[in-house]
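Visitor: starting from these lines, generate the structure:
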Amino acid sequence: MEATDLRRELELLHRDSFGWALSCCRQRKDDAEEVLQTAYIKVLDGRAKFEGRSSFRTWFFGVIRRTAYEQRRRRWLRDTLLARWFAGQPLRSDESAAPPETGADSSLLRSALSRLPERQQQVLHLVFYQDLTVEEAAGVLGVSLGTARTHFDRGKRRLRQILAPQEVGR
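Guide: As a prediction, this is how the structure comes out:
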């Protein structure tokens with residue numbers, strides 16, 4: 001893809017890309033801005049290359065997701081290591097990182113989504129808020145179509161259960 005075409009595609013996707021970055025960064029605007037800027041740099045300097053195996057949108061959302069994960073992991077490691085250093089505790093390298101991600105526009109739905117497993121949250125966000133198909137969401141998340149469909153169906157079912165009692169009270 002030519003550099004001018006690449007820039008044009010990124011410009012067209014900016015609004016949706018920022019929404020996905022917010023979701024990947026647990027609605028933290030500053031983190032989302034940093035993640036998105038880093039993802040743009042990865043694409044523009046060639047560290048992330050679009051090879052046409054999916055739509056550009058699906059591919060770029062995958063770049064954003066991986067970039068957000070890398071950022072969370074670095075931050076967690078830094079914070080954990082610093083906290084242990086200040087406390088004088090021995091450092092272990094076998095601990096895993098990455099707090100769960102959430103995303104949504106309304107506070108009620110955001111609260112309900114935060115109660116779902118991370119993968120279900122991600123699939124639902126991509127399908128409902130980014131207008132991707134379940135197949136495209138699978139590509140962004142790097143999982144099989146069957147896995148994405150399972151998470152999508154389970155997530156919708158669980159959301160209905162969580163939100164149903166609140167609907168009755170209205």
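
Visitor: just checking, what packs against the lowest-mean-pLDDT helix or strand in the chain?
Guide: Among the helices and strands of the chain, helix 107-114 carries the lowest confidence by mean pLDDT, DSSP states H and E, at a mean of 78. Applying 3 or more Cβ pairs under 8 Å, 6 or more residues apart in numbering; DSSP states H and E, we find helix 107-114 packed against helix 118-128, helix 145-168. Every residue, glycine included, has its C-beta placed from N, CA and C.

Visitor: which residue is the nearest non-sequential neighbour of the spatially most central residue of the chain?
Guide: For the chain, the residue sitting closest to the mean C-alpha position, by Cα atoms, centre = their mean, is residue 24 at 3.0 Å. Distance criterion Cβ to Cβ, 6 or more residues apart in numbering; nearest residue to residue 24, sequence neighbours excluded, is residue 68 at 3.6 Å.

Visitor: domain assignment for the protein?
Guide: What automatic domain parsing lists as the domains of the chain is 1-98, 100-170.

Visitor: for residue 1, which of the helices and strands packed on helix 107-114 is the nearest?
Guide: helix 118-128 (22.4 Å; Cβ to Cβ).

Visitor: quick check: the residue nearest to the centre of the chain vs residue 18, distance?
Guide: 11 Å (Cβ to Cβ, to the nearest Å).

Visitor: quick one on the thing from earlier: I'd guessed the residue nearest to the centre of the chain sits against residue 63; true?
Guide: No: in this structure, residue 24 is not within contact of residue 63 by Cβ atoms under 8 Å, at 10.8 Å.

Visitor: point out the most buried one among the helices and strands packed on helix 107-114.
Guide: helix 118-128 (a mean of 22; mean count of other Cβ atoms under 10 Å).

Visitor: restricting to C-alpha, output that one in PDB.
Guide: The C-alpha trace of helix 118-128 is given here as PDB (Å, rounded to 0.1, in the frame of the first residue of the first chain):
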ATOM      1  CA  GLU A 118     -12.300  -9.800  28.800                       C
ATOM      2  CA  ARG A 119     -12.700 -11.600  25.500                       C
ATOM      3  CA  GLN A 120     -16.500 -11.200  25.600                       C
ATOM      4  CA  GLN A 121     -16.100  -7.500  26.200                       C
ATOM      5  CA  GLN A 122     -13.800  -7.200  23.300                       C
ATOM      6  CA  VAL A 123     -15.900  -9.100  20.800                       C
ATOM      7  CA  LEU A 124     -19.100  -7.200  21.800                       C
ATOM      8  CA  HIS A 125     -17.300  -3.800  21.500                       C
ATOM      9  CA  LEU A 126     -16.000  -4.600  18.100                       C
ATOM     10  CA  VAL A 127     -19.300  -5.800  16.800                       C
ATOM     11  CA  PHE A 128     -21.600  -3.200  18.400                       C
END
